[in-house]
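Enquirer: got a predicted model here, sequence first, then my questions.
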Amino acid sequence: MWILGQVDSKSVDAMVASANDAANQMAASQDSAAWASATINLSYLVASVLFLMGIKGLTHPRTAVKGNILSAIGMAIAMAATFGLEDVNWAVVIGGLVVGAVIGTVAAVRVKMTGMPEMVGLFNGFGGAASVFVAWVELLKINPHAGDFLQSSIASGAAGLIGGVTLMGSLMACGKLMELKIFWSPWRVPGQNGVMVTAILVSLGICGWIVAAPEQAALSYTLLVVLSLVLGILVVGPIGGADMPVVIAFLNSLSGLAAAATGFVISNTVLIIAGSLVGASGLILTHIMCVAMNRTWGNVFFSGIDASKATSSDDIYTGKVKSTTADEIAMMLDTASRVVIVPGYGMAVAQAQHAVRDLYLLLEEHGVNVEFAIHPVAGRMPGHMNVLLAEVDIPYDKLLEPDQINPQFEQIDVAIVLGANDVVNPDARRADSPIAGMPIIDVDKARVVIVVKRSLSPGYAKIPNPLFAADNTMMFFADGKKAVMDIVAAIKEQ
């Protein structure tokens with residue numbers, strides 16, 4: 001009996017020790033999990049702060065590069081933290097990172113500055129596509145009886161709807177920016193606005209179907225994505241070239257909102273924050289672009305510009321247009337003390353920014369004060385002209401917005417309009433003009449206006465420009481780059 005008692009006592013001690021070890025291991029595991037969760041959340045907080053600092057840096061050309069770097073570092077931290085959430089297939093992750101990095105690097109190196117709007121459009125589209133697929137996969141895994149089912153299913157529907165519109169709308173925008181014939185000309189289906197509103201309402205109804213009938217999620221989500229792709233075509237199809245900066249900003253916002261919705265699907269804090277930042281900043285930028293054109297969102301996406309109300313080009317130009325040469329322009333610039341250059345998309349197409357820098361430096365050497373008037377919607381994406389001029393190191397303090405330079409145009413000796421059209425069209429001051437009220441750059445008030453353009457063709461708004469036939473305007477018909485190079489050569493020969 002004494003021996004049995006000893007054995008039982010030893011067994012009990014062993015069991016107690018084993019239980020203590022298990023409890024210690026569990027506590028250690030819980031502590032480890034707590035530390036891991038705290039580390040991930042702290043990393044997300046740091047990443048979010050870097051995103052905010054990055055966006056703040058992007059508000060000014062001088063700090064834009066730093067802001068971009070800060071944002072990239074924040075995204076790297078967020079990605080690294082996300083990998084620590086659960087076990088991942090590192091072969092797939094690393095493979096995806098390598099392939100994506102190679103494609104991104106090649107695209108960034110090879111794309112021309114004139115192609116930046118198209119690249120931005122594609123990036124928006126890829127963001128929308130990622131949201132669609134992530135939400136699709138997660139939706140099929142959702143447990144209808146789970147406590148977070150309502151949130152996840154609603155977020156999945158939002159990600160599918162917004163992501164699909166972003167994907168197809170961005171592809172349409174990219175095609176328009178590349179001037180592909182199948183995309184370029186604005187078009188409208190019969191009853192366009194009614195069809196769009198109906199498609200939106202049906203899409204919202206399908207989102208409700210996803211929530212109400214989770215067992216049919218595969219079918220309902222597929223229908224939602226297909227309809228959202230059609231809606232993306234309907235939204236962007238009628239948009240003309242003059243409104244492309246607004247469309248690019250809007251699609252950028254949608255890509256952020258889709259990402260935020262996906263963040264709710266997978267319960268990822270940093271994705272919600274980053275998506276919300278992109279969505280909010282994109283909406284603000286869209287509003288700024290609309291204000292710069294004196295347009296409303298509804299007018300851009302549901303009405304467009306009615307060019308049929310414009311004055312006939314024959315009535316404006318016949319017998320009134322005066323052409324000039326590089327030598328004559330050189331003589332005008334020789335006596336000028338202040339010159340303003342107004343760049344437009346024509347400068348981008350001709351890749352004339354380097355020649356413009358040479359002209360700027362040459363005139364400055366001759367004691368001429370040269371400034372640049374930049375319209376917010378010049379080009380095909382927000383800040384397009386600023387990017388091109390920053391590429392060739394034009395000083396930031398030489399880039400002036402319309403409200404800064406317009407009051408001074410009566411003291412400007414020569415205004416050189418390089419490939420710009422709608423943003424300098426004085427027809428905007430006419431009450432019955434299709435672009436009535438649009439803020440413009442008042443180049444027509446300068447003493448002499450030189451318009452460098454290949455022809456008298458109207459701009460993206462399809463509105464003839466009375467500036468071309470003004471008494472103080474002279475047209476230099478040529479490719480933008482060649483024209484500026486010829487002017488530089490003529491100045492040097494004087």
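Expert: Looks like it arrived, so ask away.
Enquirer: which stretches of this structure form strands?
Expert: 338-343, 369-373, 399-400, 414-418, 448-453, 473-477 (DSSP state E).
Enquirer: so can I have JSON lines of the ones you listed showing mean neighbour count?
Expert: All C-beta spots, glycine's among them, are computed from the backbone N, C-alpha and C. Shown next, in JSON lines, are those (neighbours: other C-beta atoms under 10 Å):
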{"stretch": "strand 338-343", "mean neighbour count": "25"}
{"stretch": "strand 369-373", "mean neighbour count": "21"}
{"stretch": "strand 399-400", "mean neighbour count": "18"}
{"stretch": "strand 414-418", "mean neighbour count": "28"}
{"stretch": "strand 448-453", "mean neighbour count": "25"}
{"stretch": "strand 473-477", "mean neighbour count": "20"}
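Enquirer: phi and psi next, for the residue lying closest to M119 once chain neighbours are set aside.
Expert: Leaving aside its sequence neighbours, M119 sits nearest to V111 (C-beta to C-beta, 6 or more residues apart in numbering; 5.2 Å). With angles defined as degrees, to the nearest 10, V111 sits at phi -70, psi 140.
Enquirer: and the pLDDT for V111?
Expert: What the model reports as pLDDT for V111 is 79.
Enquirer: so what's the residue count around it?
Expert: 13 (other C-beta atoms under 10 Å).
Enquirer: re earlier: wait, which of the strands of the chain is closest to L150?
Expert: strand 399-400 (49.8 Å; C-beta to C-beta).
Enquirer: picking up where we left off before, how near is the residue nearest to M119 to I182?
Expert: Distance of V111 to I182, given as C-beta to C-beta, to the nearest Å: 22 Å.
Enquirer: hang on, G121 packs against A173?
Expert: Yes. With contacts counted by C-beta atoms under 8 Å, G121 reaches A173, the gap being 4.5 Å.
Enquirer: mutual contacts of the two, please.
Expert: Taking C-beta atoms under 8 Å, 6 or more residues apart in numbering as the criterion, G121 and A173 both touch I248, L251.
Enquirer: for the stretch 351-494 of the chain, just list every one of the helices.
Expert: 353-365, 384-391, 402-405, 480-493 (DSSP state H, counting those that start in this stretch).
Enquirer: and this structure, what are its domains?
Expert: For the chain, the structural domains run 115-304, 309-493, going by automatic domain parsing.
Enquirer: would you turn those into a markdown table with distance to V106?
Expert: Shown next, in a markdown table, are the domains of the chain (distance: least, C-beta to C-beta, whole Å):
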| stretch | distance to V106 |
| --- | --- |
| domain 115-304 | 12 |
| domain 309-493 | 19 |
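Enquirer: let's have the ones you listed in JSON lines, adding mean pLDDT.
Expert: Listed next are the domains of the chain as JSON lines, based on pLDDT from 0 to 100:
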{"stretch": "domain 115-304", "mean pLDDT": "85"}
{"stretch": "domain 309-493", "mean pLDDT": "86"}
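Enquirer: for S43, which of those domains is the nearest?
Expert: domain 115-304 (8.2 Å).
Enquirer: relative to the whole chain's centre, how far out is the closest one?
Expert: How far domain 115-304 lies from its chain's middle: 14 Å, per C-alpha atoms, centre = their mean, to the nearest Å.
Enquirer: circling back: mind putting the strands of the chain in JSON lines, distance to D148 included?
Expert: Formatted as JSON lines, these follow (distance: least, C-beta to C-beta, whole Å):
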{"stretch": "strand 338-343", "distance to D148": "52"}
{"stretch": "strand 369-373", "distance to D148": "53"}
{"stretch": "strand 399-400", "distance to D148": "49"}
{"stretch": "strand 414-418", "distance to D148": "56"}
{"stretch": "strand 448-453", "distance to D148": "59"}
{"stretch": "strand 473-477", "distance to D148": "65"}
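Enquirer: can you say which of those is nearest to K66?
Expert: strand 399-400 (18.3 Å).
Enquirer: just checking, what packs against the closest one?
Expert: strand 369-373 (3 or more C-beta pairs under 8 Å, 6 or more residues apart in numbering; DSSP states H and E).
Enquirer: what residues does the strand it packs on touch?
Expert: Outside strand 369-373, the residues touching it (C-beta under 8 Å, 6+ apart) are 337-343, 359-360, 363-364, 385, 389, 394, 398-402, 405, 415, 441, 443.
Enquirer: what do you get if the cut-off is 7 Å, keeping everything else the same?
Expert: If you take C-beta atoms under 7 Å, 6 or more residues apart in numbering as the criterion, strand 369-373 is touched by 337-343, 360, 363-364, 389, 394, 398-400, 402, 405, 441.
Enquirer: give me the angle between that strand and strand 414-418.
Expert: 40 degrees (axes from the mean of the first three to the mean of the last three C-alpha atoms, to 10 degrees).
Enquirer: now do the contacts for the nearest residue to H375 once chain neighbours are set aside.
Expert: Nearest residue to H375, sequence neighbours excluded (C-beta to C-beta, 6+ apart): V423, at 3.8 Å. Applying C-beta under 7 Å, 6+ apart, we find V423 in contact with G344, H375, V377, A378, I440, I441.
Enquirer: I288 - nearest residue in space that isn't next to it in sequence?
Expert: Nearest to I288 is P376, by C-beta to C-beta, 6+ apart, at 6.7 Å.
Enquirer: quick one, phi psi at the one you found?
Expert: Dihedral angles (degrees, to the nearest 10) for P376: phi -60, psi -30.
Enquirer: tell me how far it lies from P61.
Expert: 14 Å.
Enquirer: now do A428
Expert: Applying C-beta to C-beta to A428 and P61 gives a distance of 27 Å.
Enquirer: compare the two (neighbour count), which wins?
Expert: A428 (20 against 17).
Enquirer: now do the contacts for the more buried one.
Expert: I435, A436, G437, M438, I440.
Enquirer: burial of G95, as a residue count?
Expert: For G95, using other C-beta under 10 Å, the count is 11.
Enquirer: likewise for the one 5 residues further on?
Expert: Summarising burial for G100: neighbours were counted as other C-beta under 10 Å, giving 11.
Enquirer: so it versus V93, what's the distance?
Expert: With C-beta to C-beta as the criterion, G100 and V93 are 11 Å apart.
Enquirer: same deal with M385?
Expert: For M385, the distance to V93 - C-beta to C-beta - is 40 Å.
Enquirer: of the two, who's got more company?
Expert: Neighbours per residue (other C-beta under 10 Å) separate M385 from V93, with M385 holding more: 28 against 13.
Enquirer: so that one makes contact with A378?
Expert: Yes. M385 lies in contact with A378 (C-beta atoms under 7 Å); the separation is 4.8 Å.
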